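# Let's see this in three dimensions:
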Amino acid sequence: MRHSITGKITAIMISIVAGTILLCWFINSTLLESYYIEHKQKTLLETFEMVDEESAGGSTDGDQFLIQLEKQCANSNVSLMIIRADRSVILSTVADEEHFLMQFLNLIFYTNDKNTQVLKNTPQYMVEKTKDSRLESDYLVLWGSLQDGNMILMRTAVESIKESVEIANRFLMYVGVASVIFCAVIIYVVTRRITNPILHLADISRRMTNLDFDAKFQSRGKNEVDLLGEHMNQLSETLEKTISELKSANNELKMDIERKTEIDEMRKEFISNVSHELKTPIALIQGYSEGLRECINDDAESRDFYCEVIMDEADKMNQLVKNLLTLNQLESGSEQVVFERFDVMEVIRGVVNATAILREQNGISLEIKGRQPEYVWADEFKTEQVLMNYVSNAIHYASGERKILVSVLPGPETVRIEVFNTGAPIPEEDLSHIWEKFYKVDKARTREYGGNGIGLSIVKAIMDSFHRQCGVSNEDHGVKFWFELDSKSG
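Sure, this is the predicted structure:
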């Protein structure tokens, strides 16, 4: 991501580390030399005060004092000489006493030397920075009078501070580069652990904008991000429930608007179709009943045949009435449609299992093609009715290879379910009429398995209640029926 938090935090922390290193480099370059000289001067003064305090007692040759002085001079790299007024040496820590003494005599009598810089001047002592022309080395020197009247001469070497600063800065650069790289890696890893859950939440929110509520945040602790994730899970569940309720309410509103204009027309059509469909079975029942009453055939076999015809026609009438009532409820809008999110593959498997015995009796094979699972928004019970009608028709009309193929094809906003069966095609002039109530393409065959031309009308009414499409087309070696369901809730 171009503007990721990880990149910004990493850049900020690297800038802080790099800035700190640059500040240290600047301080080293500008202040280290002055601090070093100040430290050396302090060392000389501490040594002078220690000797001066001892000389106040009238003696500087005590064993304990000499041990303490030797330790101080060795640790601080200080050379020291105490002399009397006649230049005789009382105490010395240097090997070349003559050269040491001559250097101080030059300092005392030639203080305007360009190689000499006075750092501190008091009535008792003077501190100067000087350069030994013979050794080409810089020194801090202190010379003055002790309380016992003797003179003290002190010197400490000052290493080339500029060279030391360059070395320190070079080392700081190496350490700084390594620190920046190490810091960058550590910060990146740490920030990724922080931002990965945030990115996961962003992905969940993106899926929620597309009304996909399956993604859930897996909490791993109790920090702020985990708390936000739990709240987003609750929001997802609430939104899914609310959208389901809104979908149902919206569908009912649409049905109410259409219901008023269609109800009278449906009643007239219903009465006309029922009268036409019931005419034949009623006539058969009446005729065979009269035959039984008149005892046209007295043998038991004839009476049983007459009874079977009456029962068969009565059963067909009962089935017709049930289908008509279902269709009437759908078309009038009195049948409530409850939209919910479910796996359509589970519904397909249920219908396939329910029709297994009928397929075995007719020697028909069935195949399902589709990914697992495939979620849709619809009324699950009515979707099962549509599938049952399609599969039942496919079983009754399958011929040739006697195969049925149920395909589930997901799209951007809908899922298309297709039911194909091998067999004879539907005549083109009948394709536009098969959804009409009581319309029969092959009346003889429909009568043979007890059909009444209502099944596909029920399918059409259900799909209209879903506000979705259904259709049929002739394919190579067979016929394909299809319908579509919402894959999104909007």
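# Show me what Phe481 is bridged to.
Beta-bridge pairing for Phe481 (DSSP bridges): Val419, Val472.
# I'd assumed Val472 was in contact with it.
Yes - counting by Cβ atoms under 8 Å, Phe481 does reach Val472; the two are 5.0 Å apart. Backbone N, C-alpha and C define where each C-beta goes, glycine included.
# Specify which residue of those two has the higher count of neighbours.
Counting neighbours by other Cβ atoms under 10 Å for Phe481 and for Val472 shows that Phe481 has the greater number, 23 against 20.
# And the more buried one, how close does it get to Val51?
Distance of Phe481 to Val51, computed by Cβ to Cβ, to the nearest Å: 116 Å.
# center of the chain, which residue is that?
His200 (1.5 Å; Cα atoms, centre = their mean).
# Would you confirm that that residue belongs to a strand?
No - using DSSP: H, G, I helix; E, B strand; the rest coil, the assignment for His200 is helix, not a strand.
# doesn't Ser407 fall inside a strand?
Yes - under three-state DSSP, Ser407 falls within a strand.
# mind listing the strands for the stretch 101-250 of the chain?
117-121, 125-132, 137-145, 151-158 (DSSP state E, counting those that start in this stretch).
# Comparing these, which stretch has the densest surroundings?
Most buried of the strands of the stretch 101-250 of the chain by mean neighbour count (mean count of other Cβ atoms under 10 Å) is strand 151-158; its value is a mean of 21.
# Direction included, what does that strand pair up with?
strand 78-83 (antiparallel), strand 137-145 (antiparallel).
# Now the element after the first one, going C-ward?
Scanning the chain past strand 78-83 towards its C-terminal end, the next helix or strand to appear is strand 89-92 (assignment: DSSP states H and E).
# What is that next one packed up against?
Secondary-structure packing of strand 89-92 (3 or more Cβ pairs under 8 Å, 6 or more residues apart in numbering; DSSP states H and E): strand 78-83.
# distance between the strand it packs on and the chain's centre?
Remark: strand 78-83 is offset 76 Å from the chain centroid, using Cα atoms, centre = their mean, to the nearest Å.
# Now that strand - C-alpha only, CSV.
The C-alpha trace of strand 78-83 is given here as CSV (Å, rounded to 0.1, in the frame of the first residue of the first chain):
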residue,chain,number,x,y,z
VAL,A,78,50.5,13.4,34.7
SER,A,79,54.2,14.2,34.9
LEU,A,80,55.1,16.2,38.1
MET,A,81,58.2,17.9,39.5
ILE,A,82,58.6,19.8,42.8
ILE,A,83,61.7,22.1,43.0
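# Check the secondary structure at Leu22 for me.
Relying on three-state DSSP, one would call Leu22 helix.
# Please tell me how far it sits from Met173.
Using Cβ to Cβ, Leu22 is found at 10 Å from Met173.
# picking up where we left off before, what's near enough to touch the residue nearest to the centre of the chain?
Phe217, Gly229 (Cβ atoms under 8 Å, 6 or more residues apart in numbering).
# I appreciate the help and will end here.
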